[in-house]
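Chemist: heads up, no residue letters with this:
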């Protein structure tokens, strides 16, 4: 069978067997405990608290928001009292301002967003509702969805693609969501299609999820939506790869956006949330997390209230059966290694992956042997080895000339490197350095202009 | 949980390909040809192989020890160099010459340029070229079953059709270097490496095809003998095991096509009009030197990017 795919990429061991058949379990601790909400859970401007210490809050009540367009409000998932607003460690390992809520274990609900609206929303109001529900890209990047759904004026959206590839090994939260609530995922995309009447809806799923594909196909009654199976290859779910394999179009180099080629991509959970926000006025306050890996006792898919400690998730899975070497927020290819498990689950936490020293790879770098495996595997068709040399001698001009800023940090090069070179890490550094240089240059230019 | 967690950049998993495993697979794919070489050419071939390997590994170890560098002998690349050099020597070569060649390959060709991954030409081939110039008689004297004589390729060059049947060429029962005679096992070894994705098909297939077709076109030896061209001399070992050396071959598919074609062209030219009967070593060495340039001109086009023109972009920057 000739399924759509892209050029490059790798085939890491899937590891999905641990959780792909685990029905989503609901974890809702009924005793009093702390829930922590970092003020920045998305790409864009951080929120400011709209509650104060000592305030009583309800589940689904907005606790932080901002005026900025590229941003999304944050909701409490529990009822209780605001204990403090203080810096706490987040899942990314940084210490950021957080709202800490002492829950009462009752989960008393705040009035829904629709109650505030007072009527059934019309397609014109969807966008506003999506923003006020705090919906972001739930795959991990957390880009605010209402921004994605407001493409620049003049761009014609021809494709709305639900990215259900879930190409990251080990994770199966999207897979389970498609099997257990296919209608919401399909209807969510349907509502988005109402906003773009000329667009065609695609749900792109990797072929290693046959049950999800079958379920979606059985439940899909919308003629504008097509379920499209894809070849299994990492990183099929990367924006540019998926658009290429679905539409055959290349997104021009950065800073071009999917909208420039008429595409908008939504995560599976995001589509589900769009449906829930429009039909029930439900804000983002829960999510499904795959707790998996070879160090945890009983891998599970858990539906948890946001703000809960990762440690609680691990406890719900029977704790560790072996000493973990790494605990990762997300999948093994792009996830972040965590410093501590006493950090809260946020909107973008798709998985908690625990790896022992048998699976987590830590090896000393050796010299590049120019084998070209990185070049072959790079889905962006870059030459990682050249870029790596450029970053290491801090030759950022050469890094840019070799198009290093287009690296999507998927990890294919480092995964396949026989010399264990830390290629992805090198490019993250290179991109950060170039961005910093550009910012500095822009500031200097601005200062110069003001001086005139 | 008492222990500390390790925090490092993604990706957190890795393929099971390592430099050492790759070198191990190359060695494995080369062993059968050496065994059959020893069988046809005598036990002395085995001594030459061992001498080259030991000298290569020892000189790498000693060089790194003297320079206070971390030893890399465990990555097995020195073993591969020694093995390939031995396979390109006649079995009658004095052992001390083989040792000199190995030391030259490792210290001068490999480590003077920075060690594994940094050499600009293939160490084993450069050493062979050095030996061919330094000890021409010892390097071109072959004997099969105690009778010394020219190799089939040299015979073809001299104008005689040669007395070796295709079958004997195919299984390696003829004069030649230790590891280059048995076409069958070299092809099998090469196919194993392609199957394991250690090397790609591009360089060997295009190199061999170019040599065969061009030699036929150049009408070498007054006869059309593409089969003999392929089965004799160092073409197979060169195409499968030497031209595919990672460090000294291009990294992009497009670059590999150009490089393999160049190797084939130069081999055919040398075999037809050159002074030596054999052209594989020199053609690979010449193309090795061209690799940085080929790499520059064949930089792939970034997905969604403009047509790749590195020089233009660099020019625009400065």
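Modeler: Ah, there it is. Computed from a prediction, not measured in an experiment: that's the story for all the values here.

Chemist: and whichever residue of the stretch 151-300 of chain B sits closest to chain A, how many neighbours?
Modeler: In the stretch 151-300 of chain B, the residue that lies nearest chain A is residue B:251 (3.7 Å; CB to the nearest CB). C-betas here are computed from N, CA, C, even on glycine. Counted with other CB atoms under 10 Å in any protein chain shown, residues neighbouring residue B:251 total 24.

Chemist: pLDDT weak spots in the chain?
Modeler: Going with chain A. Counting by pLDDT under 70, the ranges of chain A that qualify are A:1.

Chemist: let's do chain B instead
Modeler: Across chain B, residues meeting the criterion (pLDDT under 70) sit at B:1-3, B:142-164, B:219-227, B:308-318.

Chemist: leaving out chain neighbours, which residue sits closest to the residue of the stretch 151-300 of chain B closest to chain A?
Modeler: Closest residue in space to residue B:251, ignoring its immediate chain neighbours: residue A:372 at 3.7 Å, by CB to CB, 6 or more residues apart in numbering or on different chains.

Chemist: hmm, back to that, mind listing what the residue of the stretch 151-300 of chain B closest to chain A touches?
Modeler: For residue B:251, the set of contacting residues under the criterion of CB atoms under 8 Å, 6 or more residues apart in numbering or on different chains consists of A:370-372, A:375, A:383, A:385, B:295.

Chemist: filter these down to just the ones in helices.
Modeler: Among the contacts of residue B:251, DSSP state H puts A:375, A:385, B:295 in helices.

Chemist: of these, select the buried ones using a ChimeraX command.
Modeler: Command for ChimeraX, covering only those of these found buried under the criterion 16 or more other CB atoms under 10 Å in any protein chain shown:
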select /A:375,385 /B:295
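
Chemist: can you list the ones in helices among the contacts of residue B:251 in JSON lines and add distance to residue B:287?
Modeler: Written out in JSON lines, the entries for those read as follows (distance: CB to CB, whole Å):
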{"residue": "A:375", "distance to residue B:287": "19"}
{"residue": "A:385", "distance to residue B:287": "20"}
{"residue": "B:295", "distance to residue B:287": "12"}
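
Chemist: residues in contact with the residue positioned nearest the centre of chain B?
Modeler: Taking CA atoms, centre = their mean, the centroid of chain B lies closest to residue B:242, which sits 1.4 Å from it. The neighbours of residue B:242, taking CB under 8 Å, 6+ apart as the test, are B:84, B:122, B:124-125, B:234, B:280-281, B:284.

Chemist: could you rerun that using 10 Å?
Modeler: Residues touching residue B:242, when contacts are defined by CB atoms under 10 Å, 6 or more residues apart in numbering or on different chains, comprise B:84, B:87-88, B:122, B:124-125, B:128, B:203, B:207, B:234, B:248-249, B:263, B:280-281, B:284-285, B:288.

Chemist: got the contact list for residue A:266?
Modeler: A:135, A:137-139, A:145, A:148-149, A:160-164, A:185, A:188-189, A:192, A:201, A:203, A:272-274.

Chemist: now residue A:298. Nearest residue, chain neighbours left out?
Modeler: Excluding the flanking residues, the one nearest residue A:298 by CB to CB, 6+ apart is residue A:318, at 4.5 Å.

Chemist: quick one, phi psi at that neighbour?
Modeler: The phi and psi values for residue A:318, taken as degrees, to the nearest 10, are phi 80, psi 10.

Chemist: distance of it from chain B?
Modeler: Going from residue A:318 to chain B by CB to the nearest CB, to the nearest Å gives 13 Å.

Chemist: and that residue, how many neighbours?
Modeler: By the criterion of other CB under 10 Å, residue A:318 has 13 neighbours.

Chemist: pretty sure it contacts residue A:297?
Modeler: Yes - counting by CB atoms under 10 Å, residue A:318 does reach residue A:297; the two are 3.2 Å apart.

Chemist: which stretches of the stretch 101-250 of chain B form strands?
Modeler: All strands of the stretch 101-250 of chain B, identified by DSSP state E, counting those that start in this stretch, fall at B:142-144, B:147-149.

Chemist: ok, so of the contacts of residue B:251, who is nearest residue B:117?
Modeler: For residue B:117, the closest of the contacts of residue B:251 turns out to be residue A:370, at 5.9 Å, with distances computed as CB to CB.

Chemist: may I ask you to confirm that the closest one is in contact with residue B:252?
Modeler: No - look at residue A:370 against residue B:252 with CB under 10 Å: they stay out of range, at 11.2 Å.

Chemist: list residues touching both of these two?
Modeler: Taking CB under 10 Å, 6+ apart as the contact rule, residue A:370 and residue B:252 both touch residue B:295.

Chemist: returning to that earlier point: from the contacts of residue A:266, which ones fall inside strands?
Modeler: A:160-164, A:201, A:203 (DSSP state E).

Chemist: need those in a markdown table with distance to chain B, can you?
Modeler: Converted to a markdown table, these look like this (distance: CB to the nearest CB, whole Å):
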| residue | distance to chain B |
| --- | --- |
| A:160 | 20 |
| A:161 | 17 |
| A:162 | 22 |
| A:163 | 17 |
| A:164 | 22 |
| A:201 | 24 |
| A:203 | 23 |
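
Chemist: which one of those residues is nearest to residue A:170?
Modeler: The closest of the ones in strands among the contacts of residue A:266 to residue A:170 turns out to be residue A:164 (CB to CB; 16.2 Å).

Chemist: quick one: the helices in chain A?
Modeler: Under the criterion DSSP H, chain A contains helices at A:113-117, A:123-132, A:145-148, A:173-180, A:182-195, A:210-219, A:239-247, A:268-280, A:310-316, A:373-377, A:384-392, A:396-401, A:412-416, A:423-451.

Chemist: so how far is the first one from its chain's centroid?
Modeler: Read it as helix A:113-117. Here the centre of mass of C-alpha atoms in helix A:113-117, compared against the chain's by CA atoms, centre = their mean, to the nearest Å, lies 27 Å away.

Chemist: and the stretch 151-300 of chain A, which residues reach chain B?
Modeler: Within the stretch 151-300 of chain A, the residues that sit near chain B (CB under 10 Å from any CB of the partner chain) are A:169-170, A:234, A:240-241, A:243-244, A:249-254, A:256, A:260-261, A:293, A:295.

Chemist: now the residues you listed: which count as buried?
Modeler: Buried among these (16+ other CB under 10 Å): A:169-170, A:234, A:240-241, A:243-244, A:249-253, A:261, A:293, A:295.

Chemist: can you tell me which of these are in strands?
Modeler: If you go by DSSP E, these have residue A:293 in strands.

Chemist: what sits against residue 180?
Modeler: Since no chain was named, I'll use chain A. For residue A:180, the contacting residues are A:23-24, A:212, A:215, A:288, A:301, A:303, by CB under 10 Å, 6+ apart.

Chemist: ah, no, chain B please
Modeler: B:33, B:37, B:87-89, B:151, B:172, B:186, B:232-238, B:241, B:278, B:280.

Chemist: ok, now with 8 Å
Modeler: Residue B:180 is in contact with B:33, B:87-88, B:186, B:233-234, B:236-237, counting by CB under 8 Å, 6+ apart.

Chemist: domain parsing for chain A?
Modeler: Listed by automatic domain parsing, the domain ranges of chain A are A:28-112+A:283-355, A:113-280, A:373-451.

Chemist: tell me, what residue is most central in chain A?
Modeler: In chain A, the centroid-proximal residue (CA atoms, centre = their mean) is residue A:140; its distance is 1.6 Å.

Chemist: gap between stretch A:251-261 and the chain center?
Modeler: Between the centre of stretch A:251-261 and the centre of its host chain there is 19 Å, according to CA atoms, centre = their mean.

Chemist: looks like residue A:145 contacts residue A:270 (just checking).
Modeler: Yes - contact between residue A:145 and residue A:270 holds when scored by CB atoms under 8 Å: they sit 5.6 Å apart.

Chemist: where do the contact lists of those two overlap?
Modeler: Overlap between the contact sets of residue A:145 and residue A:270, as judged by CB under 8 Å, 6+ apart, is given by A:135-137.
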